[in-house]
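> Output the structure for:
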Amino acid sequence: SQIITEPPLDVKQDTEFIDEEEPLLGTTSSSSSKSDGSPLKNFDYLSCWYPVSWAIDLPLGKPVKVTLFDVDYVIAKIPVGDDDNDEVQIIALRDRCPHKSAALSEGRVTQCGNVQCAYHGWSFDGRDGTCVEIPQVGGGNPSGGMGGSRANAMAIPAMESQGMVWLFPGGKEKSVGARSPPKVPEMDDPAFKYAPVVRDFPVDWTVLLENVMDPDHGMFAHGMVGFDLYSASSNVPLISIDDYPDDGKGWTITTSVDAVYKVKQKEDAKKNN
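Residues are numbered from 1 along each chain as shown. As a prediction, the model looks like this:
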């Protein structure tokens, strides 16, 4: 089965500092919306969870830069509790230090689990972005050193689900009540195996969805019969379930098809006649 979440048609975010009092982004423009009766009319693409990395590719205690909708973020996997605890937590910040705009992904994760800028050593709590140390003005919370919240980095919700790291670019407030990341049921079934791989495609998402992810081409373009198990036919149709909620907080299309040969079965029948 496949679970597909649609990415934005035209969503940009200013690379300059955004005050935490302001919304990160609005909804999509009217040009990308359908008619007034469309279930996507008020859809906000930032009010969704998006996968950005496999958790296995994220080293413990090392900042890593990821990009989502042309916006850079620094993510890190940090330990939770004492050294005897194997529990970890995923944190995510806008990849920009509020001091001099240096990339936080070029810095380090401290022993306390904070993200430290490589330029002047400012440190931030990855859970909420609070600046917890400015070495030049002493330790502790420097709320009076840089005018309160202006010294804080911008944190966004992050989590791990089914072995993948997910980000919620809309911010903490929008994440309240939002749908959880979509899941592929087979990934939680021990009877199935999957490989955590990554492929970069320098194309628009529509090309990927309509062509590369099209299973009907695999048997012919790649000469791999196994793709036929994922294709559909008039005798074995594809079952598609669309879910368009009216709260603007995500939509899903879930498809499934019986894993039997379709085209191959027809070709074999021709050979036997």
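
> could you point out where the stretch 101-250 of the chain is predicted with low confidence?
Scanning the stretch 101-250 of the chain for pLDDT under 70 picks out the ranges 138-148, 247-250.

> at 50 what do you get?
Scanning the stretch 101-250 of the chain for pLDDT under 50 picks out 143-147.

> show me the contacts for Asp228.
Each residue near Asp228 by C-beta atoms under 8 Å, 6 or more residues apart in numbering is listed here: Pro215, Gly218, Met219, Tyr261, Lys262, Val263, Lys264. Heads up, the C-betas are built off the backbone N, CA and C, glycines and all.

> Dump those into TSV; add neighbour count, distance to Val132 and secondary structure as well.
Listed next are those as TSV, based on neighbours: other C-beta atoms under 10 Å; distance: C-beta to C-beta, whole Å; DSSP: H, G, I helix; E, B strand; the rest coil:
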residue	neighbour count	distance to Val132	secondary structure
Pro215	16	50	helix
Gly218	17	51	helix
Met219	21	56	helix
Tyr261	17	59	coil
Lys262	20	59	coil
Val263	15	60	helix
Lys264	16	61	helix
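
> Which of these sits closest to Val80?
Pro215 (40.5 Å; C-beta to C-beta).

> For the residue lying closest to the closest one once chain neighbours are set aside, which residues are in contact?
Leaving aside its sequence neighbours, Pro215 sits nearest to Tyr230 (C-beta to C-beta, 6 or more residues apart in numbering; 3.7 Å). Listed by C-beta under 8 Å, 6+ apart, the contact set of Tyr230 reads Pro215, Gly218, Val257, Ala259.

> Same check on Gln116?
Each residue near Gln116 by C-beta under 8 Å, 6+ apart is listed here: Gly107, Arg108, Val109, Thr110, Trp122, Ser123, Phe124.

> Okay, it and Ser123: tell me how far apart.
Using C-beta to C-beta, to the nearest Å, one gets 5 Å for the distance from Gln116 to Ser123.

> Find residues that contact each of the two.
Residues touching both Gln116 and Ser123 (C-beta under 8 Å, 6+ apart) are Thr110.

> Which secondary structure state does Met187 sit in?
The three-state label given to Met187 by DSSP: H, G, I helix; E, B strand; the rest coil is helix.

> residues near it, how many?
By other C-beta atoms under 10 Å, 13 other residues sit near Met187.

> Isn't Val64 up against Glu106?
No: applying C-beta atoms under 8 Å, one finds Val64 not in contact with Glu106, separated by 11.0 Å.

> who has more neighbours, these two?
Taking neighbours as other C-beta under 10 Å, Val64 and Glu106 compare with Val64 leading, 17 against 14.

> From Pro181, how far off is the nearest residue to Asn152 once chain neighbours are set aside?
Distance criterion C-beta to C-beta, 6+ apart; nearest residue to Asn152, sequence neighbours excluded, is Gly129 at 4.8 Å. Distance, Gly129 to Pro181, using C-beta to C-beta: 22 Å.

> Could you do Leu238 as well?
Going from Leu238 to Pro181 by C-beta to C-beta gives 23 Å.

> circling back: quick one, phi/psi of the residue nearest to Pro215?
Backbone torsions of Tyr230, given as degrees, to the nearest 10, read phi -100, psi -10.

> State the number of residues packed around Leu167.
Close neighbours of Leu167, defined as other C-beta under 10 Å, add up to 23.

> can you pull out the helices in the stretch 151-273 of the chain?
Using DSSP state H, counting those that start in this stretch, the helices of the stretch 151-273 of the chain run over residues 172-175, 205-207, 218-221, 263-272.
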